[in-house]
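Enquirer: quick check, what structure comes out for this input:
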Amino acid sequence: MRNVTIRELRNSGGDVVERVLGGESLVVTRAGVPVAELRPVRPPGLEAKTLLERWGALPHVDPAAFRADIDRLVDASL
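Expert: Residues are numbered from 1 along each chain as shown. The predicted structure follows:
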């Protein structure tokens, strides 16, 4: 994690927040001592209903045909 001073946060707060929005995590320091962390907020997880709907829309996979394809494509001596 990279450091940002309180002065930099105060003077360039918008730029610091843009860095965090870009995925960067930052440690805020005062007089060289870490006092806080700024990091992106995780997006909320999907609800079970949405996951089940997506799972139901996946194509059917025949396990035997899948295995046969892998055996045909991958060198068994590896």
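
Enquirer: which strand or helix spans residue 77?
Expert: For residue 77, there is no host helix or strand (DSSP states H and E).

Enquirer: burial count for it?
Expert: Applying other CB atoms under 10 Å, we find 4 residues neighbouring residue 77. C-betas here are computed from N, CA, C, even on glycine.

Enquirer: do the same with residue 28
Expert: Count around residue 28 with other CB under 10 Å applied: 17.

Enquirer: what sits closest to it if chain neighbours are left out?
Expert: residue 36 (4.2 Å; CB to CB, 6 or more residues apart in numbering).

Enquirer: show me where pLDDT drops low in the protein?
Expert: For the chain, no stretch has pLDDT under 70.

Enquirer: in it, which residue is most central in space?
Expert: residue 42 (7.8 Å; CA atoms, centre = their mean).
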